[in-house]
Each structure stands twice: as C-alpha cells, then as structure tokens.
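[1] Structure, please.
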Amino acid sequence: MAAAGGAARRGLLKRKPNFTLQEIEILMSEVLRYEPLLFGAAASTVNAYEKQKIWWRITNKINAAGRNQRDIGEVKNRWRGLRRRANDKITRHRQERQGPAPRPGAARHHGAAAGTGTAAAELGPDPRPYGDRAAAKRRRCSEGKGRHRAVRAGTERGGMV
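    Okay, here's the model as predicted:
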C-alpha cells in the first residue's frame, strides 16, 4: 500500500477522468430501467448474482459509449453519489420551504405562560424526525475521546482503571 502512495506522489498513477454527461445519462436511464429489480419491491426476489449481472449490463453500456473503461465498482459508486446529492438537494429544498425551526425552549415557555396547550402541540411537526444526528454523533465522539484518554492515561501510569 505504501508503494502505491509513493507512486502517486511521483506522478506515475493518474486519476481517471470524471464521468461525462453522456455516461451519466446512460447510467441514470439504465438504473431507472432496472430500478424495480435493483432497489424496488422485486429486489428481495432477485439474488445477488442477478443484480451483479444487471450492473455488468449497465457498465458495459457505459463503456461502449465512453472513452474510459469503468468497472462495476466505479459505476455503483457514481450512482450512490448521484443519489446522495439528489437527496441532499431535496432535503435542503424542504428545509428552505419550512423556514427556520422554532426554538423548543422559547415556544415551551411561551405556551406554558399563555396556558394554550401542550408544548409539543405548539411546536408543530418536527422537521427532523430522528433528531439532530450529527450533533448526537459529535457528543458521542467527544465523550468517547475523553473516556479513552483517561483509560490510556491510567494504564500508562500503571494504575487500575
């Protein structure tokens, strides 16, 4: 692995060119054509070998149209990236339409003082049904770092932890 990193630094290995618009159009049309078998309701009835054959067909069509030879992994990765970016745009658009989320603390106090009902009813639907995952992950990671640091420090001194 170290040899590959050194070769890249010396300029012996080159990046493959980005997918062309034509390759992306073929990828999208073919994946949408086979979507029921790859991802839809029928996906559970199709075995992994059949799905692999479908991805081979898609890859062969892309390779026939483009100058660059792509493998299945590159094609699947490009599809995942396209789908992820599309979902991100949809999410951003929905959040822009809703406007900024109300501050839960401010709405709760206001409702309690006015006596108009429960705080949950006054807040309305939660724009993030699973909460703020990124903030929760940051909290877990920062807590974990501190705990692990303490464990390492305790064992380095020869103490019991």
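[2] Show me the shaky parts of the protein.
    Applying pLDDT under 70 to the chain flags the ranges 1-11, 101-102, 105-161.
[3] can you rerun that using 80?
    1-12, 99-161 (pLDDT under 80).
[4] what about the helices in it?
    Assignment of helices within the chain using DSSP state H yields the ranges 2-10, 21-38, 48-65, 72-98, 104-114, 119-123, 133-156.
[5] Against which helices or strands is the fourth one packed?
    It refers to helix 72-98. helix 21-38, helix 48-65 (3 or more C-beta pairs under 8 Å, 6 or more residues apart in numbering; DSSP states H and E). Quick note: C-beta positions are derived from backbone N, CA and C, even for glycine.
[6] can I get those in TSV with mean neighbour count?
    Formatted as TSV, the helices and strands packed on helix 72-98 follow (neighbours: other C-beta atoms under 10 Å):
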stretch	mean neighbour count
helix 21-38	15
helix 48-65	14
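[7] Which among the ones you listed is found nearest to Arg97?
    Proximity to Arg97 (C-beta to C-beta) singles out helix 21-38 among the helices and strands packed on helix 72-98, at 25.5 Å.
[8] residues in contact with that closest one?
    With C-beta atoms under 8 Å, 6 or more residues apart in numbering as the test, helix 21-38 has contacts from 19, 42-43, 46, 50-51, 54-55, 57-58, 61-62, 65-66, 68, 70, 75, 78-79, 82.
[9] can you rerun that using 6 Å?
    Ala42, Val46, Ile54, Ile58, Lys61, Ile62, Ala65, Gly66, Trp79 (C-beta atoms under 6 Å, 6 or more residues apart in numbering).
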